[in-house]
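Chemist: After the sequence you'll find the predicted model.
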Amino acid sequence: MKSSVITFPGSNCDRDIDVALKKFGFKNKMVWHTDAELPKSDLVVLPGGFSYGDYLRCGSMASKSKIMQSVINFANSGGMVMGICNGFQILVETGLVPGVLLRNKYLEFICKNVFVKVNDKKNKYFKNVDNEVLEFHIAHNEGNYFCTNDQLKEIEDNNQIAINYCDENGKIEDQFNPNGSLKNIAGIFNKEKNVLGMMPHPERMIDKSLSGEDGSLFFKNLINNLK
Amino acid sequence: MKISVIITLKKDVLDPQGKVIHQTLDGMGFQDINEVRQGKYFEIDTKETDNDKAKAKVEEMCKKLLANLVIENYKIIDPK
């Protein structure tokens, strides 16, 4: 399986996701944002970080960079595109996934482990994933998911919510919502579910001795689903 | 020609920064404030000399980059 990770000026999780993808069997290529063509890929990842210093709105500048037109075309033709953290912010700015990510409700940068519940398994990202509840890491200032009422209805009708913030038992309640996201939304799909944007970082949970292994579950499962 | 743009958050969108500014002003003694909403201001100096054409271009800029229309409104101020 071939993957590509796009590096923007200010990306800082690009090498982490590179390590994670390779660990679980992807042949990964790093792609610079000024490139016009995507290498042949089964998966494209927009990594976390602070592309363009979060100027204007997080992800807004990166969403207009040269490589993104190829990424958008790839996604629109059914290619798998995953945006993590700043990558999610870039995805919403391209319009590939609905909504926006506002500043965290209590105006603080949040850096901690959270639990998320898998809401939908009829997609290549979470199909056959062993656990319903996964422990991932979040580190963001703008992760407060918001969309219009019409968009929310559409998202819910199409089962586009991928993961919700919850407690360790999978209970989705306001008290387990770290950033004020609408309906505890931590990640969403596009309508066709080949594009996933999420705030949590599975690539930070791939080593038993350093963190947890729920990211390992996610990546092992993902590569199997793509085979 | 210089054209100004003001971007504001839509009415129903939470503005935590505006809220904190409100609270701080309140604490400073400015106690008759109903609400504070924070926005952005842009000054665009363009080579275009035709008023309408310049405004149309800036409108396109607003839609494509300067504002995110899910949460923000834009207002173009007539060049003087």
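Modeler: Great, that's in hand.

Chemist: so where's the chain uncertain?
Modeler: Let's take chain A. Of all residues in chain A, none has pLDDT under 70.

Chemist: please go with chain B instead
Modeler: Within chain B, the stretches falling below the threshold (pLDDT under 70) are B:80.

Chemist: Do me a favour and get the backbone dihedrals for the residue sitting furthest away from the middle of it.
Modeler: Within chain B, residue B:29 marks the point farthest from the mean C-alpha position, 26.5 Å out by CA atoms, centre = their mean. Note on residue B:29: backbone dihedrals following degrees, to the nearest 10 are phi 110, psi 0.

Chemist: Ok, residue A:19 next?
Modeler: Here is the backbone geometry of residue A:19 (degrees, to the nearest 10): phi -60, psi -50.

Chemist: Can you get me a residue count around it?
Modeler: 12 (other CB atoms under 10 Å in any protein chain shown). (Glycine included, C-beta is placed from N, CA and C.)

Chemist: The one 4 residues further on too?
Modeler: For residue A:23, the number of neighbouring residues by other CB under 10 Å comes to 15.

Chemist: contacting residues for the residue lying closest to residue A:55 once chain neighbours are set aside?
Modeler: Closest residue to residue A:55 apart from its sequence neighbours, by CB to CB, 6 or more residues apart in numbering or on different chains: residue A:61 at 5.9 Å. Shown in contact with residue A:61 (CB atoms under 8 Å, 6 or more residues apart in numbering or on different chains): A:51-52, A:55.

Chemist: Nearest to residue A:140 among the residues you listed?
Modeler: Using CB to CB, residue A:51 comes nearest to residue A:140 of those, at 13.0 Å.

Chemist: Phi and psi next, for that closest one.
Modeler: phi -60, psi 130.

Chemist: isn't it right up against residue A:6?
Modeler: No. Using CB atoms under 8 Å, residue A:51 is not in contact with residue A:6, being 9.5 Å away.

Chemist: how far away is residue A:141 from chain B?
Modeler: For residue A:141, the distance to chain B equals 11 Å [CB to the nearest CB, to the nearest Å].

Chemist: burial count for the residue nearest to that residue when sequence neighbours are not counted?
Modeler: Of all residues not flanking residue A:141 in the chain, residue A:109 sits nearest, at 4.6 Å (CB to CB, 6+ apart). Neighbours of residue A:109 under the rule other CB under 10 Å: 10.

Chemist: Okay, helices next: where are they in chain A?
Modeler: According to DSSP state H, chain A carries its helices in the segments A:14-23, A:66-76, A:86-94, A:149-157, A:214-226.

Chemist: Show me what the fourth one is packed up against.
Modeler: If I follow you right, that is helix A:149-157. Packed against helix A:149-157 by the contact rule (3 or more CB pairs under 8 Å, 6 or more residues apart in numbering or on different chains; DSSP states H and E) you find no helix or strand.

Chemist: Alright, calling it a day.
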